[in-house]
Structure formats: structure tokens, C-alpha cells
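Chemist: Need the 3D shape of this:
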Amino acid sequence: MPARPVVLSGNSSWNIVNFRAGLIAALRQARFEPVVIAPVDPPAEERMGRMGVRRIIVEMNRSGLNPFKDLQLLLRYRRLLAELRPAAYLGFTIKPNIYGCIAARLCGVPAIPNISGLGTVFIRGGLLGSLVSRLYRFGLGKAPVVFFQNADDLAEFVGRKLVRREQARLLAGSGVDLDRFASTPLPPGPLRFLLIARLLGDKGVREFVEAARLLRRGGSDSRFQLLGPLDPANRTGISRSELDGWVAEGAVDYLGETDDVRPFIADSHVIVLPSYREGLPRSLLEAAAMGRPLVATDVPGCRHVVKDGINGFLCAARDPASLADAMRRMERMPPEQRAALGNAARAKVQAEFSETRVIQAYLEALGDVALQPKAPPRS
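Modeler: Numbering: from 1, shown residues only. Next up, the predicted model:
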């Protein structure tokens, strides 16, 4: 009997190869055929090829708001799911979660989306947020399982009646491969604070730069570093000219972007994420797995990883002074105390956020789906 396909879809191939490789391997072992639906993503194409997974390329503008393009995407999903008749559709990131799940509902395919964060639309609200809520409500309405990466996002969706409580399950993020992200000792030299993220306003990048300025004015000799891609198409994206100005001023160092964050984490002392809201931030989890103390905002997602005074410090969102105070506390600590925070960070990831826990949750959800009667496709 041939293996039944299971579709995995995200808004980039990079997301799939970096965060879903372990899940794909487990699906194969469970006698499913993983099929990836995602856009072409040049930095990830070689690794995608090495995975040997069946691949269907779709065009997708992650941040675009063109209704004609989004309708085309929905119709493309519907055609593909009608042809594949997969055992389940697994969605990751906003557009695959919305349009892929709507298509799955229309085709009678069980959808298991992963809500990894609410995004700019939910943070800012307004008419667009209302429209997205309606699309979510329809797309998720028949999903047997909807995964959330933190309890705040789960409560938000249940409170808005976008999902029913019995559909919702908490998941330990994307899971961290604890062997790949092994603990490393803190390096010598001046303290290096590293922010790893897409360079967006909503990630708190500007607050990080302003906090660096405040610390420098106070005589700090620490280094303040940014690692991640520019995303000018995003509504809160940092422009190249703004970034170049910060670097020219000497406020921060820009390290570019990378497919492997491990060497950069290993060369840092503290990982910082002043985001306005997260699902379950991968950068903090990977840094914690490598034994790095953390500084982050006291917001959903971040506060689920950072326990103030135990594995790092929390600060107020949108508040450079509060961020600078937390970073200054890190500066004033003796090295052995920072190392103790890093050890506690690693222990928390081992206990709560390992990749094996995430994979097991997906296999259990697929087992539940297999026991449910299949809905006929809608005409």
C-alpha cells in the first residue's frame, strides 16, 4: 500500500528546512509521504534538494495585501489539495494557515495549522485585523487540531471565537534539536549583545539601537550586534538607509544574515529580543539551548521562554530605557553569574522545548485525525 501524502506548507522553503526537517523525517518513518508546498527561496534550495522531499512550488508574497494575488493562492492550494488528497494538511506561518486551511476545508482534508504568532495585523488591529479574523474563523472552523505556541495566543483565538477550546492544543514551538544546538562556554572578550531577527520594527530593533546608545553614553564598552535579513516589503521593515546610518554612527554592528546562527550565538554573551509580541521565539530557544542568558520583553511568547532572574531578564516592551536597564544588569554581573543564567536557560529548553516533544505532538494529532470520519469535499 503506497504511503499517503501529508502536506507541509510555509511561506518560505527556509522555514521548512530549518524548522521542519525533524518532523519530515518522523513522517517518513511513520509511513507517510511528506509533500512540501512553499515558494522558491534561494538560500534554502540546496538544503531542500538534499532532503529529497517531494516539492511543489507556489508563489506567495509573505506581507502583500493584494486580494487578487491572495485569491490566486487560495485557488492554487485548492487545486493541489484536490489532486493530492493528503491524509492531512500541516500549515505554518500566516498565509498558509489562512488560505491553505480554507482550501483544506473546501476539499475535505483535515488541517492541522500551527499558529506561531499573531503578526503585525493582530498587533495593530483595525479593519485589516477584522478581515483576517474572519478568514481565520472560516479556515480554522473545521480543523480537528490547531496548535498554538503559547497560552496567550490560544486564549486570544478562543476569546475571539476563531477556534473552539477543544480544537486548541499547546505546542513547544518548533522544537529545538538539542544535539545540533549544543551548549558552548561563554567566550572571552568584551560583552557582546546579539539580536537575531528579521529587521522589523515590531521585533524591537529600534528599541535595541536606542538602548545601545543609552549604554554607550553611560560608558559601556559592550558590543551591540544585529543578525538577520532586511525585509523592506514588510510594513514595519527597517530600511537599508536607516540600518546603514546606525552602523555609520557606531551604535550597532550589522552581521548580515545566515543559514546557521550557531557560530554567532557561540561568539555572543547575551541574546536580546525586544519584540512587541511572539509565538514562541526560535532565536531565544536556540540561544538558550546553547547556554546563553537572555534579555527579552515581558510579552506573550518571550515571557514563556525567559524567567526573570532565573535564565535572563525581562523588560517593558517599546521602552528603550527599560531594555537598557536589563542589559546593564547583565553587564554588571560577574561572568560566573551570567554562565549560571545560561545553564538555567539550557535546562529549561531540555525540560520543555525539545524537538522530540513537538514531533510526538504532531504524530498524536495525525493519529487522532486518522480516527475521524473524512468530510466530503465542498463543491
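Chemist: Show me the strands in the stretch 201-350 of the chain, by range?
Modeler: In the stretch 201-350 of the chain, the segments counted as strands under DSSP state E, counting those that start in this stretch are 223-227, 253-254, 270-273, 294-297, 312-315.
Chemist: Give me the residues contacting the last one.
Modeler: This points to strand 312-315. 270, 274, 293-298, 302-303, 306, 308, 322-323, 325-326, 329-330, 341, 345 (Cβ atoms under 8 Å, 6 or more residues apart in numbering). Every C-beta, even on glycine, is put in place using the N, C-alpha and C of the backbone.
Chemist: Select only the buried ones of these in ChimeraX?
Modeler: This is the ChimeraX syntax for the buried subset of the contacts of strand 312-315, where burial follows 16 or more other Cβ atoms under 10 Å:
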select :270,274,293,294,295,296,297,302,303,306,322,323,325,326,330,341,345
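Chemist: Kindly reformat the strands of the stretch 201-350 of the chain as CSV and extend each row with distance to V349 and mean pLDDT.
Modeler: Converted to CSV, the strands of the stretch 201-350 of the chain look like this (distance: least, Cβ to Cβ, whole Å; pLDDT from 0 to 100):
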stretch, distance to V349, mean pLDDT
strand 223-227, 20, 98
strand 253-254, 27, 98
strand 270-273, 12, 98
strand 294-297, 11, 98
strand 312-315, 12, 98
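Chemist: Put the alpha carbons of the helix or strand harbouring L127 into CSV.
Modeler: Assigned by DSSP states H and E, L127 falls within helix 126-140. Extracted in CSV, the C-alpha atoms of helix 126-140 (Å, rounded to 0.1, in the frame of the first residue of the first chain):
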residue,chain,number,x,y,z
GLY,A,126,-8.2,47.9,12.6
LEU,A,127,-10.2,46.9,9.6
LEU,A,128,-7.5,44.6,8.2
GLY,A,129,-7.3,42.8,11.5
SER,A,130,-11.0,42.3,11.4
LEU,A,131,-10.8,40.8,7.9
VAL,A,132,-8.0,38.4,8.9
SER,A,133,-10.0,37.3,11.9
ARG,A,134,-12.9,36.4,9.6
LEU,A,135,-10.7,34.4,7.3
TYR,A,136,-9.1,32.6,10.2
ARG,A,137,-12.5,31.8,11.7
PHE,A,138,-13.6,30.1,8.4
GLY,A,139,-10.3,28.4,7.7
LEU,A,140,-9.9,27.0,11.2
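Chemist: Just the buried residues of stretch 10-26, please?
Modeler: Applying a neighbour-count criterion of 16+ other Cβ under 10 Å, one finds 10-24, 26 buried in stretch 10-26.
Chemist: what's the offset of that stretch from the middle of its chain?
Modeler: Between the centre of stretch 10-26 and the centre of its chain there are 12 Å (Cα atoms, centre = their mean, to the nearest Å).
Chemist: For stretch 354-370, the averaged confidence score.
Modeler: For stretch 354-370, mean pLDDT rounds to 91.
Chemist: List the buried residues for stretch 261-277?
Modeler: By neighbour count with 16+ other Cβ under 10 Å, stretch 261-277 contains the buried residues 261-262, 264-266, 268-277.
Chemist: how's this structure carved up into domains?
Modeler: As given by automatic domain parsing, the domain ranges for the chain are 4-175+355-370, 192-352.
Chemist: Go through the ones you listed and find the least confident stretch.
Modeler: Ranked by mean pLDDT, the domains of the chain end with domain 4-175+355-370 at the bottom, a mean of 90.
Chemist: what distance separates the start and the end of that one?
Modeler: End-to-end distance of domain 4-175+355-370: 11 Å, with Cα to Cα, to the nearest Å as the criterion.
Chemist: wait, is F147 part of a strand?
Modeler: Yes: residue state for F147 (DSSP: H, G, I helix; E, B strand; the rest coil) corresponds to a strand.
Chemist: how long is stretch 270-289 from one end to the other?
Modeler: 13 Å.
Chemist: need the contact list for R292.
Modeler: With contacts defined as Cβ under 8 Å, 6+ apart, the neighbours of R292 are L186, I265, S268, H269, V270, I271, G342, A345.
Chemist: roughly how far apart are it and G108?
Modeler: R292 sits 46 Å away from G108, taking Cβ to Cβ, to the nearest Å as the criterion.
Chemist: same deal with Y89?
Modeler: Computed with Cβ to Cβ, the distance linking Y89 and G108 is 11 Å.
Chemist: and those two? which has more neighbours close in?
Modeler: Y89 (29 against 15; other Cβ atoms under 10 Å).
Chemist: Could you report the separation of M333 from A339?
Modeler: From M333 over to A339 (counting by Cβ to Cβ), the distance is 9 Å.
Chemist: Next: S130.
Modeler: Noted for S130: a distance of 48 Å to A339, by Cβ to Cβ.
Chemist: just to revisit the earlier point, could you work out which of the domains of the chain reaches nearest to A182?
Modeler: Evaluated over those, closeness to A182 peaks at domain 192-352, with 6.9 Å, by Cβ to Cβ.
Chemist: Can you report how many residues lie near the closest residue to G117 other than its chain neighbours?
Modeler: Spatially, and ignoring its direct neighbours in sequence, G117 is nearest to G279 (3.4 Å; Cβ to Cβ, 6 or more residues apart in numbering). Using other Cβ under 10 Å, G279 is surrounded by 23 other residues.
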